[in-house]
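Student: can't give you the sequence, but here's the structure:
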């Protein structure tokens with residue numbers, strides 16, 4: 001029992017850097033969610049032929065950000 005706790009707390013500086021990187025990517029994914037929301041609001045406020053393109057690009061951006069977080073968790 002005591003060794004399991006010691007193993008849990010036995011983090012190196014590189015481990016901390018890796019998890020801070022993952023935390024930064026999660027914050028970036030939250031930013032991507034906000035972008036999707038803002039593009040939706042912009043599409044309702046401004047009528048334009050490119051609104052659907054902007055929505056597709058914002059959803060693609062969110063998907064790639066989520067994929068990047070998942071890849072960082074698996075790889076790191």
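Tutor: Received, thanks. A quick note: this is a predicted structure, and the numbers were derived from the prediction, not measured.
Student: what about residue 76, how many neighbours?
Tutor: 13 (other C-beta atoms under 10 Å). Backbone N, C-alpha and C define where each C-beta goes, glycine included.
Student: mind listing what it touches?
Tutor: Applying C-beta atoms under 8 Å, 6 or more residues apart in numbering to residue 76 gives the contacts 18, 19, 21, 22.
Student: one more time with 10 Å, if that's ok
Tutor: Residue 76 makes contacts with 14, 15, 17, 18, 19, 21, 22, 25, as judged by C-beta atoms under 10 Å, 6 or more residues apart in numbering.
Student: what residue lies at the spatial centre of this protein?
Tutor: In the chain, the residue lying closest to the centroid (C-alpha atoms, centre = their mean) is residue 29, at 2.5 Å.
Student: Now render the contacts of residue 76 as JSON lines, adding distance to residue 73.
Tutor: Output for those, formatted as JSON lines (distance: C-beta to C-beta, whole Å):
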{"residue": "14", "distance to residue 73": "16"}
{"residue": "15", "distance to residue 73": "13"}
{"residue": "17", "distance to residue 73": "15"}
{"residue": "18", "distance to residue 73": "10"}
{"residue": "19", "distance to residue 73": "10"}
{"residue": "21", "distance to residue 73": "10"}
{"residue": "22", "distance to residue 73": "6"}
{"residue": "25", "distance to residue 73": "9"}
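Student: Quick one: buried ones out of the residues you listed?
Tutor: Among the contacts of residue 76, those classed as buried by neighbour count (16 or more other C-beta atoms under 10 Å) are 18, 25.
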